[in-house]
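Engineer: Provide a 3D model corresponding to the input given below.
(4 chains)
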Protein chains: 2
Amino acid sequence: MSTRKPAPARAAAARQGYHHGDLKNALQAAASKLLAQRGAEAVSLREISQAAGVSHAAAYRHYADKQALLADLAEAGFRDLAGINRQVTAATRGGPLEQLKACGRAYVEFGVRQPHLLQLMFGGVITGWESHAGLAQASGQLAETLAGIVASGQASGDIRAGDVGDLTLSAWSLVHGLALLIVGRRIPGMRMDAAFVKHAAAQCTTLLIEGLRAR
Amino acid sequence: MSTRKPAPARAAAARQGYHHGDLKNALQAAASKLLAQRGAEAVSLREISQAAGVSHAAAYRHYADKQALLADLAEAGFRDLAGINRQVTAATRGGPLEQLKACGRAYVEFGVRQPHLLQLMFGGVITGWESHAGLAQASGQLAETLAGIVASGQASGDIRAGDVGDLTLSAWSLVHGLALLIVGRRIPGMRMDAAFVKHAAAQCTTLLIEGLRAR
DNA sequence: ACCTGAACACCGTTCAAGT
DNA sequence: ACCTGAACACCGTTCAAGT
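Structural biologist: Numbers count the residues shown, from 1 in each chain, chains lettered A, B, ... in the order given. Have a look, this model is predicted:
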């Protein structure tokens, strides 16, 4: 047993409404949960604070404003998505075109799994990305991950020659657009179930690799 | 001369702060202008009402709530974009693939010209599309316009066989994703000028027609 | 150093009252 | 029928004050 008693001390502090211990993470967790439930515009900072068990002004000790907290959530989303891409790439056998296909499907599935998070990451709610360094960096890492797959495909001769940035942008645009059209429910006659997502992702990524394939 | 004097009567009414004449259109115009300047989340209904020269409660005589007004703007955006697609299609010679290419570029240019409107149309700010019948219809018409080009390309033998909905979704996803990535400034090293937009649209639509081309 | 509670200026929405 | 002004319940943000 340790001589320090952090848990009881924290509990006592919480009882008297003081010292949260790790409020920043608690705010993130509460915000993430509420975001997933109702979307960024429908959740207030006061509600997040309440869910974290502190007064509505306490968040300002850890975040400059509401946007800074949302930016943290978006950043985590970008890191998560980039990680998924790396993982899927590593786990997929059959060459770069199959990897790209698998990543595209994973990208769309990520969006369907967390629609409100995807909207936050790309929907224009967060302004002033310059002031959130980590967010811009995480977003850039996602782009780099995709570019890496394209570059390796060119090196192996599976993907045709051309500027890596241009080809990556095309591939990214396709899966990104599909994910947002699905999440935004803009596709007529769409049933938003796993089968449709799987089908649509397969169709789109097939077109993609037809366009990218070396000939 | 008519015996009725609508214009002076309206002016007199306006002087005493009553009877706007065509408040609904005035609200739309004011909202559209403010949306273009600062985006949907940064503009309040009170501000729109003030810009239209009425009290902050007057808008509720014409719109159920703020969302209904925003839905009207989004609907106009969808109709505008669908009209642009039809116009570009009619004006482009050289077959369906060239038409699709031209529409893709026009789609991206529309987004770059009106980034806040594009975000409103697709960014998830408007919830409950079911309650805005005109909006859902206008969005559907845009999809139909795109599907029409794909179908005519199949009829002429330029576009390969396959489900029209699937091929249309792929084409739409590509240009839609590109437009949103550009507007959202998510492309590393991007310069958001006309030359880049032209270049990126050309690259992406080239990949698209390679993937769609009959072989 | 970290949090609270009151305060400020806003916001969307409602509603009785005016013409 | 159409609009106003007051009112209500919220919100983001600030700040003196508490421990």
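Engineer: Every contact and neighbour count from this point should use C-alpha atoms.
Structural biologist: OK.
Engineer: is it true that A:Gly189 lies in a strand?
Structural biologist: No - with DSSP: H, G, I helix; E, B strand; the rest coil as the criterion, A:Gly189 is assigned coil and is not in a strand.
Engineer: Could you check how far it is from A:Leu180?
Structural biologist: According to CA to CA, to the nearest Å, A:Gly189 and A:Leu180 sit 16 Å apart.
Engineer: Who has more neighbours out of the two?
Structural biologist: Regarding A:Gly189 and A:Leu180, a neighbour count based on other CA atoms under 10 Å in any protein chain shown identifies A:Leu180 as having more, with 26 against 9.
Engineer: Please settle this for me: is that one part of a helix?
Structural biologist: Yes - looking at A:Leu180 with three-state DSSP, it is inside a helix.
Engineer: Provide a list of residues in contact with it.
Structural biologist: Taking CA atoms under 8 Å, 6 or more residues apart in numbering or on different chains as the contact definition, A:Leu180 lies against A:Gly111, A:Leu118, A:Gln119, B:Phe122, B:Gly177.
Engineer: Same question for A:Asp80.
Structural biologist: For A:Asp80, no residue meets the contact criterion (CA under 8 Å, 6+ apart).
Engineer: any idea how far B:Ser55 is from it?
Structural biologist: Taken as CA to CA, the spacing of A:Asp80 relative to B:Ser55 amounts to 47 Å.
Engineer: Give me the residue at the spatial middle of chain A.
Structural biologist: When CA atoms, centre = their mean is applied to chain A, the residue found nearest the centroid is A:Gly77 (2.6 Å).
Engineer: what's that one sitting at in phi/psi?
Structural biologist: Phi and psi for A:Gly77, reported as degrees, to the nearest 10, are phi -60, psi -40.
Engineer: give the contact list for it.
Structural biologist: Neighbouring residues of A:Gly77 by CA under 8 Å, 6+ apart: A:Leu117, A:Leu118, A:Met121.
Engineer: can you redo the residues you listed as CSV with secondary structure and neighbour count?
Structural biologist: As requested, the contacts of A:Gly77 are arranged in CSV below (DSSP: H, G, I helix; E, B strand; the rest coil; neighbours: other CA atoms under 10 Å in any protein chain shown):
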residue, secondary structure, neighbour count
A:Leu117, helix, 24
A:Leu118, helix, 25
A:Met121, helix, 23
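Engineer: Now do A:Ile126: how many residues are near it, please.
Structural biologist: Burial of A:Ile126 is recorded as 18 neighbouring residues (other CA under 10 Å).
Engineer: ok, it touching A:Leu120?
Structural biologist: Yes - because the distance of 7.2 Å satisfies CA atoms under 8 Å, A:Ile126 is recorded as touching A:Leu120.
Engineer: joint contacts of those two?
Structural biologist: With CA under 8 Å, 6+ apart, A:Ile126 and A:Leu120 have common neighbours A:Leu70.
Engineer: Now do stretch A:118-138: distance from first to last residue.
Structural biologist: Between the start and the finish of stretch A:118-138 there is a gap of 14 Å, counting by CA to CA.
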